[in-house]
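sequence below, structure please.
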Amino acid sequence: MNNKVLIKLDVFELNTTYDVFIPVNEVLWKVKAMIVKCVSDLEHLPFNPKEEFVLINKDNGYIYQSNEIVIDTNIRNGTELVLMAKV
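Next comes the predicted model:
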């Protein structure tokens, strides 16, 4: 079994899409922190590290909980996720 999956990540706030490998044996709060850091570095835009973000499945609108482990979710290769600031 692969230890990473390739997802498509939409960041509507930046009108940008990324292809991102994420580890399957990691909790989603760590994955979100890694993604936010990467997007911030790539776009040269500082995201507020205290701001909370959510990952949403673009196909069905499911909002993933921070304590879920990637492999225990329906996130697989090709899954499209949306990263949004929590309101």
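
helices along this protein, start to end?
28-43 (DSSP state H).

for it, what helix or strand is lowest in average pLDDT?
Ranked by mean pLDDT, DSSP states H and E, the weakest helix or strand in the chain is helix 28-43, scoring a mean of 90.

for it, buried residues please.
For helix 28-43, the neighbour count (16 or more other Cβ atoms under 10 Å) marks Leu28, Trp29, Val31, Lys32, Ile35, Val36, Val39 as buried. In short, each C-beta sits where N, CA and C put it, glycine included.

could you export these as a markdown table, including distance to Glu52?
Output for these, formatted as a markdown table (distance: Cβ to Cβ, whole Å):
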| residue | distance to Glu52 |
| --- | --- |
| Leu28 | 12 |
| Trp29 | 9 |
| Val31 | 14 |
| Lys32 | 9 |
| Ile35 | 13 |
| Val36 | 10 |
| Val39 | 15 |
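
got the contact list for the least confident helix or strand of the chain?
Residues from elsewhere that reach helix 28-43 (Cβ atoms under 8 Å, 6 or more residues apart in numbering): 9, 11, 14, 16, 18, 20, 22-23, 45-47, 49, 53-55, 64-70, 73, 83.

list the ones among those residues that fall in strands.
Leu9, Val11, Thr16, Tyr18, Val20, Ile22, Pro23, Phe53, Val54, Leu55, Leu83 (DSSP state E).

relative to Asn77, which of these is nearest.
Ile22 (10.5 Å; Cβ to Cβ).

any idea how many residues pack against that closest one?
Number of residues near Ile22 (other Cβ atoms under 10 Å) recorded here: 21.

quick check: the nearest residue in space to it that is not next to it in sequence vs Asn15, distance?
The shortest distance from Ile22 to any non-neighbouring residue, by Cβ to Cβ, 6 or more residues apart in numbering, is to Val31 (5.1 Å). Here the criterion is Cβ to Cβ, to the nearest Å. By it, Val31 lies 22 Å from Asn15.
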